[in-house]
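> Here is the input, now give the coordinates:
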Amino acid sequence: MIWVWDVDPILLPLWGQFGIRYYGLLFSLLFVGGYFLFRWQVIRAGGTQDDAYNVILPGAIGVVAGARLGHVIFYEPGRLLSDPLWVFQVWEGGLASHGAVVGVMLALLYYARTYKQSYLEVLDRLTFSSALSAILVRIGNFFNSEIVGRVTDGTWGVRFPRFDRLPPDLAPLRHPSQLYEVVLGLVVMGALFWVDRSFGREKRPRGVLTGTFLAVCFLGRFLVEFFKEYQVLPNTFPLTMGQILSIPAVLAGIVIFWWSLKTRAPVRWMATPVEPVPPKPSGRPKKGKKRG
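Predicted structure coming up:
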């Protein structure tokens with residue numbers, strides 16, 4: 001059975017080419033689900049709901065700006081010159097996971113310094129949210145018929161007529177690489193839960209989740225790139241741009257994981273300092289001394 005994917009990326013048309021897209025809806029779910037996963041980790045460590053809430057704004061800016069700029073810089077720098085406003089059309093897709101990681105890491109560095117938390121501690125707490133984003137964004141890519149796989153003669157191939165701009169019966173069979181990365185995101189999420197539980201949850205060494213996420217996620221990304229269509233570099237080049245960018249992330253993950261097991265620094269969420277509440281006035285005037 002041949003699968004033809006010819007779904008309109010606009011879920012609800014509003015006006016002209018504008019409307020609610022599947023991609024935008026999934027991106028919104030990313031922030032909602034990511035917040036609750038981060039909140040679960042923070043509260044479990046003794047933090048407060050406000051501690052989790054305060055990461056939303058810098059985190060959202062870091063994800064969107066980093067992912068978009070990463071895509072522009074590494075994959076489509078020429079389009080920026082011909083259509084500068086295209087940079088802001090994030091709802092149409094075109095986000096780079098490597099750029100998103102850099103953007104989030106910078107945003108969390110700001111968060112950690114502002115609220116006097118350990119930077120690596122904050123990174124650990126956000127790994128589950130990052131795994132969720134890897135899942136939902138690739139589902140959005142699938143609905144957009146973008147970041148498709150290479151042509152294949154396998155029976156599991158999918159036709160993407162909207163990408164190839166051909167009639168459905170003439171579009172070539174391609175690897176559904178977006179779905180491969182959805183499975184990868186689920187594997188990363190499962191690995192995080194397994195490592196978290198194996199190391200005793202709040203007894204785990206600091207950095208072990210960050211190392212796990214970087215190593216597993218980007219090693220998987222390196223492998224999936226063998227099935228993805230070439231985007232920037234020619235097909236004669238031995239590696240894709242995604243693979244080149246994944247190598248330092250994998251190495252960083254291995255180093256962080258090794259350092260975590262070596263130092264065994266305990267996880268610890270710093271309690272938010274509570275400002276003392278001034279005593280309320282009694283409402284009764286003080287009795288003065290009688291003058292004689």
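> Report the distance from the strand ranked longest in the chain to the chain centre.
Criterion DSSP state E: the longest strand present in the chain is strand 10-15. Its chain's C-alpha centre lies 26 Å from the corresponding centre of strand 10-15 when counted by CA atoms, centre = their mean, to the nearest Å.
> contact partners of that strand?
In this structure, residues lying in contact with strand 10-15 by CB atoms under 8 Å, 6 or more residues apart in numbering are 17, 19, 20, 21, 22, 25. C-betas here are computed from N, CA, C, even on glycine.
> what is the mean pLDDT for stretch 98-105?
Here stretch 98-105 scores 83 as its mean pLDDT.
> which residues sit against that stretch?
Applying CB under 8 Å, 6+ apart, the external contacts of stretch 98-105 come out as 59, 61-71, 73-74, 123, 126, 130, 133, 242, 245-246, 249.
> Mind checking which of the residues you listed are buried?
59, 62-71, 74, 123, 126, 130, 133, 242, 245-246, 249 (16 or more other CB atoms under 10 Å).
> May I see the buried residues of stretch 156-167?
Neighbour-count burial for stretch 156-167 [16+ other CB under 10 Å]: 157, 158, 159, 160, 161, 162, 163, 164.
> How far off centre is that stretch?
That offset, for stretch 156-167, works out to 27 Å (CA atoms, centre = their mean).
> who touches it?
2-6, 9, 145-146, 148-149, 151, 168, 170-176.
> all helices for the stretch 101-250 of the chain, in order.
119-143, 161-164, 177-198, 208-224, 241-263 (DSSP state H, counting those that start in this stretch).
> how about a markdown table for these, with distance to residue 13 and mean pLDDT added?
Shown next, in a markdown table, are the helices of the stretch 101-250 of the chain (distance: least, CB to CB, whole Å; pLDDT from 0 to 100):
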| stretch | distance to residue 13 | mean pLDDT |
| --- | --- | --- |
| helix 119-143 | 15 | 94 |
| helix 161-164 | 16 | 95 |
| helix 177-198 | 23 | 97 |
| helix 208-224 | 33 | 96 |
| helix 241-263 | 33 | 95 |
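> which residues sit in contact with residue 74?
96, 98, 99, 232, 241, 245.
> any idea how far it lies from residue 176?
Noted for residue 74: a distance of 23 Å to residue 176, by CB to CB, to the nearest Å.
> And residue 237, by the same measure?
23 Å.
> quick one: which of these two has more around it?
residue 176 (20 against 12; other CB atoms under 10 Å).
> Pull up the gap between that one and residue 29, please.
21 Å.
> And for residue 70?
In terms of CB to CB, residue 70 sits 21 Å off from residue 29.
> quick revisit: let me have the helices of the stretch 101-250 of the chain in CSV, extended by distance to residue 112.
Shown next, in CSV, are the helices of the stretch 101-250 of the chain (distance: least, CB to CB, whole Å):
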stretch, distance to residue 112
helix 119-143, 4
helix 161-164, 40
helix 177-198, 20
helix 208-224, 13
helix 241-263, 15
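> and of those helices, who's closest to residue 33?
helix 119-143 (5.1 Å; CB to CB).
> buried residues in the closest one?
120-143.
> Give me the contacts around stretch 258-273.
42, 45-48, 50-51, 115-118, 121, 124-125, 202-208, 210-211.
> what's the offset of that stretch from the middle of its chain?
The answer for stretch 258-273 is 23 Å, by CA atoms, centre = their mean.
> Ok, stretch 110-119 next?
With CA atoms, centre = their mean, you get 19 Å for stretch 110-119.
> how far does it stretch from start to finish?
9 Å (CA to CA, to the nearest Å).
> List the contacts of it.
51, 54-55, 58-59, 108-109, 121-122, 206, 268-270, 272.
> go again using 10 Å as the cut-off
42, 47, 50-51, 54-55, 57-59, 61-62, 104-105, 108-109, 120-126, 206-207, 210, 265, 267-270, 272-273 (CB atoms under 10 Å, 6 or more residues apart in numbering).
> buried sites along it?
111, 112, 115, 117, 118.
> out of the contacts of stretch 156-167, which are buried?
Listed as buried from the contacts of stretch 156-167 are 5, 9, 145, 146, 148, 149, 171, 172, 173, 174, 175, 176; burial here means 16+ other CB under 10 Å.
> For the last one, which non-adjacent residue is spatially closest?
Distances taken as CB to CB, 6 or more residues apart in numbering put residue 158 closest to residue 176, at 4.7 Å, once the chain neighbours are dropped.
> Name whatever forms a beta bridge with the one you found.
With DSSP bridges as the criterion, residue 158 is bridged to residue 3, residue 174.
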